[in-house]
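Trainee: sharing a model that was predicted from the sequence below.
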Amino acid sequence: MMLRNGLEPWHLLIVALVVIMVFGSKKLPDMARSLGKSARILRSEARAMKAETGTDPAAPGHS
């Protein structure tokens, strides 16, 4: 059965294998770690921008 976007589970397996072959299995954990760190920084910056404009109800000082 094909999914709506045309990707089947084996497509993802092939992509994962190609990524491992291109970057090597030793570099993947470092890449994942740096990607996670970048996502956390982006999220915190987005929260800070929302807090500055006062549109974030979860921001400190906003009741």
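Mentor: Arrived safely.
Trainee: number of residues surrounding L17?
Mentor: Neighbour count for L17, taken as other C-beta atoms under 10 Å: 10. All C-beta spots, glycine's among them, are computed from the backbone N, C-alpha and C.
Trainee: pull the CA atoms of whichever strand or helix holds it into CSV?
Mentor: Element membership of L17, judged by DSSP states H and E, is helix 9-23. The C-alpha trace of helix 9-23 is given here as CSV (Å, rounded to 0.1, in the frame of the first residue of the first chain):
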residue,chain,number,x,y,z
PRO,A,9,8.8,2.5,4.5
TRP,A,10,11.5,1.0,2.3
HIS,A,11,12.1,4.4,0.8
LEU,A,12,13.1,5.7,4.2
LEU,A,13,15.4,2.7,4.7
ILE,A,14,17.2,3.4,1.4
VAL,A,15,17.6,7.0,2.3
ALA,A,16,19.1,6.0,5.7
LEU,A,17,21.5,3.6,4.1
VAL,A,18,22.6,6.3,1.6
VAL,A,19,23.2,8.8,4.4
ILE,A,20,25.2,6.2,6.4
MET,A,21,27.3,5.5,3.2
VAL,A,22,27.9,9.2,2.4
PHE,A,23,28.7,10.5,5.9
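Trainee: what about it, average pLDDT?
Mentor: Average pLDDT, helix 9-23: 88.
Trainee: which secondary structure elements does that helix contact?
Mentor: helix 28-53 (3 or more C-beta pairs under 8 Å, 6 or more residues apart in numbering; DSSP states H and E).
Trainee: pull out the buried positions in the helix it packs on.
Mentor: Neighbour-count burial for helix 28-53 flags no residue at all (criterion: 16 or more other C-beta atoms under 10 Å).
Trainee: what packs against it?
Mentor: For helix 28-53, the elements it packs on are helix 9-23, judged by 3+ C-beta pairs under 8 Å, 6+ apart.
Trainee: report pLDDT for the spatially most central residue of the chain.
Mentor: By C-alpha atoms, centre = their mean, the chain has its centre lying nearest to A39, at 5.9 Å. With respect to pLDDT, A39 has a value of 95.
Trainee: dihedrals phi and psi, G24?
Mentor: phi 80, psi 150 (degrees, to the nearest 10).
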